[in-house]
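A.B. asks: build me a model from this:
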Amino acid sequence: MFRLGKRKRIVVIGLDGSPYTLIKKLAEENVMPNLNTLIKDGNFYQMDTTIPEISSVAWSTFMTGKNSGEHGIFGFTDLTPFSYKLRFPNSSDLKYPPVWSELEKTGKRTVVINLPSTYPAKPICGILIAGFVALHIEKASYPERIIPFLKSIGYRIDVDTLKGREDKDFLIKDLFDILQIRKKAIAHFWDKEQWDLFIGVITGTDRIQHFLIDAFFDSSHKLHQSFLDYYNHIDNEIIKEIKVKIDNSMKLIILSDHGFTKIEKEVYLNRWLLEEGYIRFKNDKPESVEDIEKGSRAFVMDPGRIYINLKGKYPFGVVSPGGEYNELIDELIERLQSIECNGKKIIKRIFKREEIYSGPYTKSGPDLVALSNYGFDLKGSFKAKEVFGNSFLTGMHTQDDAFVILPDEVKVEQKPHISQLKDIILRLME
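C.D. replies: Numbering: from 1, shown residues only. Predicted coordinates:
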């Protein structure tokens, strides 16, 4: 995989959710000329990511090199053990040390800016500014001495998606504003701090595709050019600036944590479970999994995590371990894979827990994970009145179309997986 050379400092830039197919097109069509140069100088790969294909899991796997059964993060939401009470995992739930913890053992310093699933910020040999879903800049920053600078540049974790989904012109402006703030933070800590590993992530790329991927595919869309301009701005304001600063002591890796595609239909799996008699609710207007009623055999959490309501694991558990459990698993796989919308199969594949997880926390994960075909966005909503529908979102995540640009000396024989990148970083720093 490597042609060994002298030790290098490593720079990692993340473009959250940017698909290989999109990046390839934008590079070739000169929307991202600086990135195109890096593609030609390095090794550009389409990359697989985690299952499920969501940022909390994918970035946790990137930073640890491990699957959810080893690092303990299975989604943006989880349940308090032995209950149906919803909780939101954070950095304290990460059970395996991230790459910078290993580097600290040899005195190496790391700067981390806007990496999702690192909130609240934990002590680090260097600088850490947590990304989504960070709530307060004070708890998102380590050490405390960096907070005055961040406040001085008006640092924000994310765009205002609540306002942005109603007003797309506002969303575009907010995306550009946040990008300028992120640029200032990257430039400041690049120049002012000593570091051996530098990680900076742009999450606006995920937001613009969730809300406006239709604008990319439709050249007549009023915000088509704005979509292209945003990626061009990333190329000129972030990629170009870093490319200029890269010297002979540094190696650059650029990646996304998952891909994206257009939504044809959202698929509300809990509604399907209700209509098929697998789940019951305490009332006619359930809000969450906490409204589950006795007699329920299964429930779903975003995006396609399917849980069996097992005796001894949940308060209203009715399914016995062993034969009854295995029969229900097989039944759900068969029936879910048969669901169609407009003559199209919804599900690409359903994985049993042990097929995708290994490690001490495997049993904390879902019993099944469904991976959908392109265009069908699996949802764990409990409020839906129909199995199929649409919302304000136009784009959905994909598992097999992330990308990575690796240094010229790093070559992979097969399609890479995001879990490999931690070892690649460590090997490059030997």
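
A.B. asks: helices and strands around the host helix or strand of Thr61, which ones?
C.D. replies: Here Thr61, judged by DSSP states H and E, is contained in helix 55-64. Packed against helix 55-64, as judged by 3 or more CB pairs under 8 Å, 6 or more residues apart in numbering; DSSP states H and E, are the following elements: helix 68-71, helix 99-104, helix 421-428. All C-beta spots, glycine's among them, are computed from the backbone N, C-alpha and C.

A.B. asks: for the record, mean pLDDT for the helix or strand that the shortest one is followed by?
C.D. replies: For helix 68-71, the following helix or strand on the C-terminal side (DSSP H and E) is strand 78-79. Mean pLDDT, computed over strand 78-79, is 97.

A.B. asks: now do stretch 11-25
C.D. replies: Stretch 11-25 comes out at a mean pLDDT of 98.

A.B. asks: what comes up buried for it?
C.D. replies: 11-20, 22-24 (16 or more other CB atoms under 10 Å).

A.B. asks: closest one of those to Pro33?
C.D. replies: Of all the buried residues of stretch 11-25, Pro33 sits closest to Ile23, with 12.7 Å by CB to CB.

A.B. asks: that closest one sits in which helix or strand?
C.D. replies: Using DSSP H and E, Ile23 falls in helix 20-28.

A.B. asks: which ones are touching the residue nearest the centre of the chain?
C.D. replies: Closest to where the C-alpha atoms of the chain average out (CA atoms, centre = their mean) is Ser55, at 1.3 Å. Contact analysis of Ser55 by CB atoms under 8 Å, 6 or more residues apart in numbering lists 16-17, 76, 116-117, 132, 203, 206, 257-258.

A.B. asks: which one of those residues sits closest to Pro321?
C.D. replies: For the contacts of Ser55, the nearest to Pro321 is Phe76 (27.9 Å; CB to CB).

A.B. asks: right, and the closest one touches Val133 too?
C.D. replies: Yes - with contacts counted by CB atoms under 8 Å, Phe76 reaches Val133, the gap being 7.0 Å.

A.B. asks: got any residues that touch both of these two?
C.D. replies: Shared contacts of Phe76 and Val133, counting by CB under 8 Å, 6+ apart, come down to Phe88.

A.B. asks: can you show me the helices along the stretch 201-350 of the chain?
C.D. replies: With DSSP state H, counting those that start in this stretch, the ranges of helices along the stretch 201-350 of the chain come out as 204-217, 224-234, 240-245, 269-275, 323-336.

A.B. asks: for the ones you listed, which one sits closest to Ser101?
C.D. replies: So among the helices of the stretch 201-350 of the chain, helix 240-245 is nearest, using CB to CB, at 24.5 Å.

A.B. asks: what helices and strands are in contact with that closest one?
C.D. replies: Using 3+ CB pairs under 8 Å, 6+ apart, helix 240-245 sits against helix 33-41, helix 168-192.

A.B. asks: mean confidence for that helix?
C.D. replies: Mean predicted lDDT for helix 240-245 stands at 97.

A.B. asks: circling back: for the helix holding Ile23, list the C-alpha coordinates in CSV.
C.D. replies: Output in CSV follows, covering the C-alpha atoms of helix 20-28 (Å, rounded to 0.1, in the frame of the first residue of the first chain):
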residue,chain,number,x,y,z
TYR,A,20,-17.6,10.7,-5.3
THR,A,21,-19.8,11.0,-8.4
LEU,A,22,-20.5,14.7,-7.6
ILE,A,23,-16.9,15.6,-6.8
LYS,A,24,-15.7,13.9,-10.0
LYS,A,25,-18.1,15.9,-12.1
LEU,A,26,-17.4,19.2,-10.4
ALA,A,27,-13.7,18.6,-10.7
GLU,A,28,-13.8,17.6,-14.4
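
A.B. asks: I'm done for today, thanks for sticking with me.
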